[in-house]
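Visitor: for reference, the sequence and a predicted model appear below.
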Amino acid sequence: MRSKVKDLLGMEAGREVLAKGWVRTKRPSKEVAFIALNDGSTIKNIQVVVDRSGELAELLPKISTGTCIAVRGTLVESVGSGQAVEIKASGIEIYGECDPVRYPLQKKDTSLEYLRTVAHLRPRTNTFGAVYRLRSQMAFAIHEYFHSKGFVYLNTPLITASDAEGAGQMFQVTTLDLGNVPKDKKGGPDYSKDFFGRQTSLTVSGQLEGELGATALGEIYTFGPTFRAENSNTPRHLAEFWMIEPEMAFYDIKDNMDLAEDFIKSLVRYALEHCREDIDFLCQRYDNTLVERLEGVIATDFVRLGYTEGIEILKAAVAAGHQFEYPVEWGIDLQSEHERYLVEQHFGKPVILTDYPKDIKAFYMKQNEDGKTVRAMDILFPKIGEIIGGSEREADLAKLEKRIDELKMSRRGLEWYLDTRRFGSCPHSGFGLGFERLLLFVTGMQNIRDVIPFPRTPKNAEF
């Protein structure tokens, strides 16, 4: 029976074993050849020792980096450094040869930019093996966290007729013949002849539907793909990404902040406890402050700071000579440079920024008594900037309708949402965590394209 490399490395010597995987390197010496074998179960390889004078020697020329093989042999104590055991091969079967000239992943440092062009092969590298194992573990940790607190996992639609953010940057879904689009009486597309009988798009958020669940089930969360047709070619934006969005009945803004802080600390703690080998590798390879930063998040209370006070701190920085690319004044939507200044230079710890101007926030956020601000919150992290955004939701029907009208939004597609305020409205809150933003922080990677297997960005939909 096959044993995974992760398990083999923890076994005692003397056992007959079968390992299967891909060759990372082959290194010949005078009497033996050393093969580093990896099957994706761990960042570490297991060393296979092949006698160059035995019957397996004729297979060695066919084995190169990338070759897929099965190895039978005896697990023995390793005389070399770096591993406790190795496999003394008695049999090798080649499943798939690999052309050593054409194989894109040679034994040398390869840039992350180049690896994005071969995204279908980059999981075979140490870096992306570590990143994707972390991604998997973090997804499990998210479900485990909410399950332990009694939240209901709610599946919200990917195809929707509502724009939750009111931004309009949505990918349209249609089966109409684009070469011969039927027209309505006004000369526009006749969506009554489309598949759903109306204009539909890919979702930008499951929040509005999540609120429906929270006002019936109490506490719910969603975890799924979301889409933004935003023409942003930055290291922090994707057109397709994953979001975690809890919604909680009877939570005010303070309850919301408490949950968000506990949630993200729990995820970071889980990563350090269950993914330490991969984190240590990424720390050594890409960011030598990674472990310290992760441990720092767990050990500290997040700063809770009003938006207005945050603006005053940024203005004071400007007055003292600090230069920002974007101007600082009350009413702006903070840029990443502003967020990171507050976190990294002023406070030296994560910040929860609250009470934003209502004019830069979504229609559903609860208005404060001053009439100018809303009970919004953003959690700002070192190296990342905003990692979580949320708010207490407006529970008052009249205020919500007035805000929709102020923004000149169509109420026709929101009547179902307004029903939650008409029939048994309750205080409730929620937030969204961008999964890839979390992974940037946990892995120490610098570009969001490197924490999702197949990134979708403007002009890029490969694989």
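Guide: Thanks, I have it.
Visitor: so where do the helices sit in this structure?
Guide: 5-8, 112-117, 126-148, 207-217, 253-274, 276-285, 290-299, 307-319, 336-340, 397-406, 415-422, 435-443 (DSSP state H).
Visitor: same list, those, but as a markdown table with mean pLDDT, distance to residue 241 and mean neighbour count please.
Guide: For the C-beta atoms, the positions are set from N, CA and C on the backbone; glycine is no exception. Below are these laid out as a markdown table (pLDDT from 0 to 100; distance: least, Cβ to Cβ, whole Å; neighbours: other Cβ atoms under 10 Å):
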| stretch | mean pLDDT | distance to residue 241 | mean neighbour count |
| --- | --- | --- | --- |
| helix 5-8 | 97 | 29 | 18 |
| helix 112-117 | 92 | 16 | 14 |
| helix 126-148 | 98 | 12 | 18 |
| helix 207-217 | 96 | 15 | 21 |
| helix 253-274 | 98 | 17 | 18 |
| helix 276-285 | 97 | 20 | 17 |
| helix 290-299 | 95 | 22 | 15 |
| helix 307-319 | 98 | 25 | 16 |
| helix 336-340 | 94 | 16 | 19 |
| helix 397-406 | 94 | 27 | 15 |
| helix 415-422 | 95 | 23 | 15 |
| helix 435-443 | 97 | 5 | 24 |
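Visitor: for this protein, which spans come out with low pLDDT?
Guide: By pLDDT under 70, the low-scoring segments of the chain are 165-168.
Visitor: with adjacent residues omitted, what lies nearest to the residue in it sticking out farthest from the centre?
Guide: Distance from the C-alpha centroid of the chain, by Cα atoms, centre = their mean, peaks at residue 53 (49.5 Å). With sequence-adjacent residues excluded and distances taken as Cβ to Cβ, 6 or more residues apart in numbering, residue 53 is closest to residue 31, at 6.9 Å.
Visitor: count of residues packed around the one you found?
Guide: 9 (other Cβ atoms under 10 Å).
Visitor: do the same with residue 26
Guide: 20.
Visitor: for it, which non-adjacent residue is spatially closest?
Guide: The nearest residue in space to residue 26 (Cβ to Cβ, 6+ apart) is residue 35, at 5.2 Å.
Visitor: what sits opposite the one you found in the beta ladder?
Guide: Beta-bridge pairing of residue 35 under DSSP bridges involves residue 26, residue 48.
Visitor: so who does it touch?
Guide: Shown in contact with residue 35 (Cβ atoms under 8 Å, 6 or more residues apart in numbering): 23, 25-27, 47-50, 63, 69, 71, 89.
Visitor: distance of it from residue 59?
Guide: 11 Å (Cβ to Cβ, to the nearest Å).
Visitor: same question for residue 114.
Guide: With Cβ to Cβ as the criterion, residue 114 and residue 59 are 31 Å apart.
Visitor: cool, residue 204 as well?
Guide: Distance from residue 204 to residue 59, by Cβ to Cβ: 54 Å.
Visitor: want to throw the helices of the chain into JSON lines with distance to residue 179?
Guide: Shown next, in JSON lines, are those (distance: least, Cβ to Cβ, whole Å):
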{"stretch": "helix 5-8", "distance to residue 179": "53"}
{"stretch": "helix 112-117", "distance to residue 179": "32"}
{"stretch": "helix 126-148", "distance to residue 179": "40"}
{"stretch": "helix 207-217", "distance to residue 179": "34"}
{"stretch": "helix 253-274", "distance to residue 179": "47"}
{"stretch": "helix 276-285", "distance to residue 179": "48"}
{"stretch": "helix 290-299", "distance to residue 179": "51"}
{"stretch": "helix 307-319", "distance to residue 179": "49"}
{"stretch": "helix 336-340", "distance to residue 179": "42"}
{"stretch": "helix 397-406", "distance to residue 179": "37"}
{"stretch": "helix 415-422", "distance to residue 179": "34"}
{"stretch": "helix 435-443", "distance to residue 179": "36"}
